[in-house]
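Participant: Below are the sequence and a predicted model; questions follow.
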Amino acid sequence: MIFVLNGRDRGAHPELFEQQFRFRYEVFVRGGEWPAAADVLAVDRYDDDDAVYFLDLDDESRIRASGRITPTVTSSLIADCFPQLIENRQARRAPATYECNRAVAWPAEPVLHARHRIATFPLIAAMLEWCAAHDVAYLQTMIETVALSRYLELTPLTQPMGLSHPYGGGRACPGGGECMAIRWPVCSEVLADLRRYAGGTPGVTAAPAPGRRH
Amino acid sequence: MTAYGKRTLDFVERLRRLTGYDAISREIRTSLEWFGLTHVTAWSMPVPGRSPDDCVLLNSRPADYLAHYARNNHVLRDPVVTEIRRTPGPFSWRDVRARRNLSRAEIAIMDEARDFDADDGLMVPIFTPSGSVMMFSPCGRQPDLSPPARAAVEIIGICSFQALDRAREEQTEGTAPAPLTPREREIMRWVAAGRSDDDIAAILSITTRTVTWHVENAKRKLDAFRRPHAVFQALRLGEITL
């Protein structure tokens, strides 16, 4: 089941937030040597009260995958750090546009691996369902360019927002690659594509966190 | 916005509105001409169980060049093709000449393309759900393959592949996939029974590698990227029963 938490719920669910931030550290910083030994948390400036978190928990409340969306008006990694990725005349920040980032799944797999897709696509589906329920018009995110075909497969309405740009020295360097920005319009066609794609996957629809009213 | 970015995003928007294989392929060819890429091929490596024609999604290279290429079986030695296994990202024909010490035979294959209106091109690998790699390969005479042009053509290629694939699926909707061979059916029945490749190899007195090979062929025919999906497809299509 995928649960939704607001940033302001941090006090009510400290254990879930801590687990999520440690989870991120393991995947993003250590490269995935679970379980964590050190008490190190990966928190950034976008983890504020307005952030919305999507947590895929197993039966023992352990996080299998997690992701975050933020309102771009106040929190946008793309606008702050990668403005060159947006070339489609669209504003980098807009009231009805949210941004998805920090989507992680365990075990950590390359973006082209089927298991990565199986773990993260339900999160994206849940994010878009949430966006539809909250009158958000677009959900944007930054991806590795090589994964564009995966997102187009999810829905052909996936919109590139600009050309790809190298990061970390580009594809020729270890750990480097090419990234680009994409967005999804939050509309019935996209939601239908996602539901069709995730058919049979339990808990795709975003639900309130245990013991909390969303 | 750069001219490359605008061209690319406008193309993606036009492509999204098009339906039908012919209209889509026409739009792709027209858009690539701006880069000096006058020919384009979208294809996958030939695999057992599929005819070579099934491996080509789009092709506008000259027919006489293709006939010549096939007659000489160049696909086995063409350095641009063998480079696919070495380089995960897009690369140009010129990159291959620069980074590899090519044999005379390999150079000859690349040089021959010049006689058929193409001296450089870009190979864009596209990873499909089944795990295979499709190539989007436009080429021309002195095309623009500057870094922004490459970034643009990569996105054009990925979006084109998806649009063509959907159009072809619509065209072939309702037609039956290639049937499994008796051996593939037999092995898929064991897979459905939860047996490992080692178990199946022991039961059938064949090597584990042969079992894996048959399973992979069955997966391709059943358009499945995982074994449970292949079993489900085989049951659904009546290829096996439990």
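Facilitator: In hand now; what should we look at? As the structure is a computational prediction, the values presented were derived from the model and not from experiment.

Participant: distance between the longest helix seen in chain A and the chain's centre?
Facilitator: Ranked by residue count under DSSP state H, the longest helix found in chain A is helix A:114-133. The chain centroid and the centroid of helix A:114-133 are separated by 8 Å, computed with CA atoms, centre = their mean, to the nearest Å.

Participant: For it, buried residues please.
Facilitator: A:116-132 (16 or more other CB atoms under 10 Å in any protein chain shown). Glycine gets a C-beta too; all of them are placed from N, C-alpha and C.

Participant: The longest helix along chain B and chain A, are they touching?
Facilitator: When chain B is parsed with DSSP H, its longest helix is helix B:147-172. Yes. Contact between helix B:147-172 and chain A, assessed by CB under 8 Å from any CB of the partner chain, occurs at B:148, B:151-152, B:154-155, B:158-159, B:161-163, B:166.

Participant: Show me what counts as buried in that helix.
Facilitator: B:148-167.

Participant: Please verify my assumption that residue A:48 contacts residue A:75.
Facilitator: Yes. Using CB atoms under 8 Å, residue A:48 is in contact with residue A:75, at 6.4 Å.

Participant: between these two, which one's more packed in?
Facilitator: residue A:75 (23 against 14; other CB atoms under 10 Å in any protein chain shown).

Participant: Quick check, pLDDT for the more buried one.
Facilitator: pLDDT recorded at residue A:75 is 92.

Participant: ok, it to chain B distance?
Facilitator: Distance, residue A:75 to chain B, using CB to the nearest CB, to the nearest Å: 25 Å.

Participant: pretty sure that residue is touching residue A:52, no?
Facilitator: No. Using CB under 8 Å as the test, residue A:75 is too far from residue A:52 to be in contact (10.7 Å).

Participant: Compute the number of surrounding residues for whichever residue of chain A sits closest to chain B.
Facilitator: The minimum distance from chain A to chain B, using CB to the nearest CB, falls at residue A:87 (3.6 Å). By other CB under 10 Å, 20 other residues sit near residue A:87.

Participant: what residue ranges in the chain score low on pLDDT?
Facilitator: Unless you meant another one, I'm taking chain A. Applying pLDDT under 70 to chain A picks out residues A:30-40, A:89, A:106-118, A:198-214.

Participant: Sorry, I should have been clearer: chain B.
Facilitator: B:1, B:45-54, B:129-132, B:172-177, B:225.

Participant: what does chain B put close to chain A?
Facilitator: Listed as neighbours of chain A in chain B under the rule CB under 8 Å from any CB: B:1-2, B:4-6, B:8-9, B:12, B:16, B:88-89, B:126-129, B:131, B:148, B:151-152, B:154-155, B:158-159, B:161-163, B:166, B:225-226.

Participant: residue boundaries of the helices in chain B?
Facilitator: B:3-17, B:21-33, B:63-71, B:79-82, B:93-99, B:104-112, B:147-172, B:182-192, B:197-204, B:208-221, B:227-236.
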